[in-house]
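**Student:** I'll drop the sequence and a predicted model, then ask my questions.
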Amino acid sequence: MPTVNMHEAKTHLSRLVDAAFDGEVVIIAKAGRPVAKLTRVDSPTTRRRLGFLADQARVPDDFDDLAADEITDLFAGTDT
């Protein structure tokens, strides 16, 4: 686990990020005192499950036409 000073970290940030991507942990120090740790961010292991509510709800065939006249009246500004 290498320790680098702030100036070196600013100068070689790209190289340090590449090292972190490869799994190395880099400690960044200011005035000789460790202040930050640069590590790899792992991607989330859980994925969204598509279709997990399948067959638990029903969408009516005329869903797109539900209350179409009322919605049209609302946009047109007519009162029914």
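**Tutor:** Yes, it's here. Numbers count the residues shown, from 1 in each chain.
**Student:** switch to C-alpha atoms for all contacts and neighbour counts from now on
**Tutor:** Noted.
**Student:** Extract the residue ranges of this structure that are flagged as low pLDDT.
**Tutor:** 43-46, 79-80 (pLDDT under 70).
**Student:** quick one, helices of it?
**Tutor:** Counting by DSSP state H, one finds helices in the chain at the ranges 6-11, 13-21, 68-76.
**Student:** now the ones you listed as JSON lines including mean neighbour count and distance to L38?
**Tutor:** What follows is the helices of the chain, written out as JSON lines (neighbours: other CA atoms under 10 Å; distance: least, CA to CA, whole Å):
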{"stretch": "helix 6-11", "mean neighbour count": "14", "distance to L38": "10"}
{"stretch": "helix 13-21", "mean neighbour count": "15", "distance to L38": "6"}
{"stretch": "helix 68-76", "mean neighbour count": "11", "distance to L38": "54"}
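**Student:** And those: which comes nearest K30?
**Tutor:** helix 6-11 (5.6 Å; CA to CA).
**Student:** And the closest one, how far out from the chain middle?
**Tutor:** 28 Å (CA atoms, centre = their mean, to the nearest Å).
**Student:** Who are the packing partners of it?
**Tutor:** Helices and strands touching helix 6-11, by 3 or more CA pairs under 8 Å, 6 or more residues apart in numbering; DSSP states H and E, are strand 26-30.
**Student:** In the sheet, which strands lie alongside the strand it packs on, parallel or antiparallel?
**Tutor:** Counting by DSSP bridges, the strands paired with strand 26-30 are strand 3-5 (parallel), strand 33-38 (antiparallel).
**Student:** what comes into contact with it?
**Tutor:** Contacts to strand 26-30, defined as CA atoms under 8 Å, 6 or more residues apart in numbering, come from residues 1-6, 9, 16, 19-20, 34-39.
**Student:** what's the closest of the residues you listed to F63?
**Tutor:** Set against F63, the nearest of these by CA to CA is T39 (49.2 Å).
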